[in-house]
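A.B. asks: Compute the structure for the input listed below.
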Amino acid sequence: MISVFSRRLVTTKVSSFAFRSFSAVPSTMKAAVIRETGDAHALKVELDFPTPELKAGQVIVKNEFAGINFIDTYHRKGLYPRDLPFVGGQEGGGTVAAVSDEAAAEGIKVGDRVAYSVLGTYCEYTAVPAAKLLPIPDGVGVDVATSCVVQGLTAHYLTSTCHADLIKKDEWMLIHGVGGGTCQWAAQMAKLQGYKVIGTCAKGKADIAKNLGCDELIILDEVPGTAYEDYESVDIVERVMEVTGGVGCKAVIDGIGKSTVDISINSLAHRGIFISFGNASGAVPAFPVLRLIGKSGYVTRPKLLDYITTREQLVERADELFGWLKAGQLSVSVDTTFPLEEAAEGHLYLEAGKSKGKVLYKI
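C.D. replies: Purely as a prediction, here's the structure:
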């Protein structure tokens, strides 16, 4: 399904350049920049970083918010290498400030409210290909829309596509860390799609997790100062088998990593799939595929960009996500907003496991 706004992107013509650009986009801007990889203090706020140039097929977005995601910390640390220096972030939202002729021909105009995901969003202005833009529906705030782009779309592909239909409606799905971030979304979406959900969360986030609709919630002790729970404080595999009548879960969604890999594999049902998408406790160590033979299990290590490879895929996922939001079926919790000047504090907050929802920068 393609939304009304996305159809307008394809069909509407704009002829006057006066409607396509502000009188001037400044040549420099405020940005949180990584010049050397390292801890959170490697993020340095610069006031005179060059503003990106507008190229064919692009728009310039004046950012109001930028999302803070765990993948940003992996880039900052060098776990996922990038060329230095770079502006952090890959999730933003704001208003269109300048439009190329090609983008204007697709119906995009200055002042449109948009959200998007491209690299380099911890800044005042970002150059974005027109095909990457998500129009923000009326009634949805820019902060909420920005929250949707990475975490929302990630949760959508994890629960709807990534399991390769190895799980059917009314079968069990285990989702780790439902108290915050992506998996708060994933638990709700899994229920909307008809799956039975077992969630894990820390005691300090149980108040949030209890409102997500999980069929079973396994509450764990906290590991102070970290972004994950004490996964040895409860025998999760034993509890999963009790809840599922000894069957196990047809899909396990795991963004924790090193601390949960054994739990996830051992919680699988016959021909279940282990979906490892994050490293909050450290990267998953290599393991022999022979470990999967007991239940003929599957494993995948996906990333969002491979599930929105076309404009149509992006719009289809966003349409369903925004539809759930507008219908009141999906709750988005914006936990904390940091001013961009406190860039390091935003990363420290996320990595300490304090968030109970989305963490943003106000640009």
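
A.B. asks: hey, let's count contacts and neighbours off CA atoms from now on
C.D. replies: Will do.

A.B. asks: for this structure, what helix or strand is lowest in average pLDDT?
C.D. replies: Here the helix or strand of the chain ranked lowest by mean pLDDT, DSSP states H and E is helix 4-11, holding a mean of 37.

A.B. asks: quick one: contacts of the helix or strand that comes right after that one?
C.D. replies: Per DSSP states H and E, the first helix or strand lying C-terminal to helix 4-11 is strand 28-34. Here strand 28-34 makes contact (Cα atoms under 8 Å, 6 or more residues apart in numbering) with 42-51, 76, 84-88, 122-125, 340-341, 343.

A.B. asks: Give me the distance from the helix or strand following strand 28-34 to the chain's centre.
C.D. replies: Following strand 28-34 in sequence order, the next helix or strand is strand 43-50 (DSSP H and E). Chain-centre distance of strand 43-50: 25 Å, with Cα atoms, centre = their mean, to the nearest Å.

A.B. asks: Show me what stretch 282-291 is in contact with.
C.D. replies: Here stretch 282-291 has contacts from Ile256, Gly257, Lys258, Ser259, Val261, using Cα under 8 Å, 6+ apart.

A.B. asks: just stretch 141-154 next, same as before
C.D. replies: Under Cα under 8 Å, 6+ apart, the answer for stretch 141-154 is 64-67, 69, 90-94, 113-117, 136, 181-182, 185, 303-304, 317-318, 321, 332, 334, 358, 360.

A.B. asks: Just the buried residues of that stretch, please?
C.D. replies: 142-154 (16 or more other Cα atoms under 10 Å).

A.B. asks: Tell me which residues touch Leu54, please.
C.D. replies: So Leu54 contacts Ile60, Ala98, Val99, Ser100, Ala127 (Cα under 8 Å, 6+ apart).

A.B. asks: Now do the SS call for it.
C.D. replies: Classification of Leu54 using DSSP: H, G, I helix; E, B strand; the rest coil returns coil.

A.B. asks: Ok, Arg271 next?
C.D. replies: Arg271 ends up strand, using three-state DSSP.

A.B. asks: Packing partners of whichever helix or strand Gly199 is part of?
C.D. replies: Using DSSP H and E, Gly199 maps to strand 196-202. Here strand 196-202 touches strand 172-175, helix 182-192, strand 216-220, going by 3 or more Cα pairs under 8 Å, 6 or more residues apart in numbering; DSSP states H and E.

A.B. asks: what's the most buried one of those?
C.D. replies: strand 172-175 (a mean of 28; mean count of other Cα atoms under 10 Å).

A.B. asks: which helices and strands does it pack with?
C.D. replies: helix 182-192, strand 196-202, strand 249-254.

A.B. asks: Can you show me the CA trace of the last one as CSV?
C.D. replies: What follows is the C-alpha trace of strand 249-254 in CSV, where atoms were taken according to Å, rounded to 0.1, in the frame of the first residue of the first chain:
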residue,chain,number,x,y,z
CYS,A,249,9.7,-20.3,20.7
LYS,A,250,9.5,-20.3,17.0
ALA,A,251,11.4,-17.0,16.8
VAL,A,252,13.7,-15.2,19.3
ILE,A,253,14.5,-11.5,18.8
ASP,A,254,17.8,-10.7,20.5
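
A.B. asks: Flag every buried residue along whatever helix or strand comes next after that strand.
C.D. replies: The C-terminal neighbour of strand 249-254 among helices and strands, as given by DSSP H and E, is helix 261-266. Within helix 261-266, the residues scored as buried using 16+ other Cα under 10 Å are Val261, Ile263, Ser264, Ile265, Asn266.

A.B. asks: And the residue nearest the centre of this structure?
C.D. replies: Gln151 (2.0 Å; Cα atoms, centre = their mean).

A.B. asks: coming back round to it: nearest to Leu212 among the buried residues of stretch 141-154?
C.D. replies: Nearest to Leu212 among the buried residues of stretch 141-154: Gly152, at 14.6 Å, using Cα to Cα.

A.B. asks: out of the helices and strands packed on strand 172-175, nearest to His163?
C.D. replies: Taking the helices and strands packed on strand 172-175 one by one with Cα to Cα, strand 249-254 is closest: 6.7 Å.

A.B. asks: average model confidence for the closest one?
C.D. replies: Averaged across strand 249-254, the pLDDT comes to 98.

A.B. asks: swap in stretch 335-354?
C.D. replies: pLDDT averaged over stretch 335-354 gives 95.

A.B. asks: So what's the gap between it and the chain middle?
C.D. replies: 16 Å.

A.B. asks: neighbouring strands for the strand holding Gly199, and are they parallel or not?
C.D. replies: Here strand 196-202 is paired, per DSSP bridges, with strand 172-175 (parallel), strand 216-220 (parallel).

A.B. asks: Format those as a markdown table; extra columns: distance to Ala209 and mean pLDDT.
C.D. replies: Listed next are those as a markdown table, based on distance: least, Cα to Cα, whole Å; pLDDT from 0 to 100:
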| stretch | distance to Ala209 | mean pLDDT |
| --- | --- | --- |
| strand 172-175 | 11 | 98 |
| strand 216-220 | 8 | 97 |
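
A.B. asks: Which among those strands is found nearest to Lys250?
C.D. replies: strand 172-175 (5.9 Å).

A.B. asks: how distant is that closest one from the center of its chain?
C.D. replies: 19 Å.

A.B. asks: what's the closest of the helices and strands packed on strand 196-202 to Gly248?
C.D. replies: strand 172-175 (7.3 Å).
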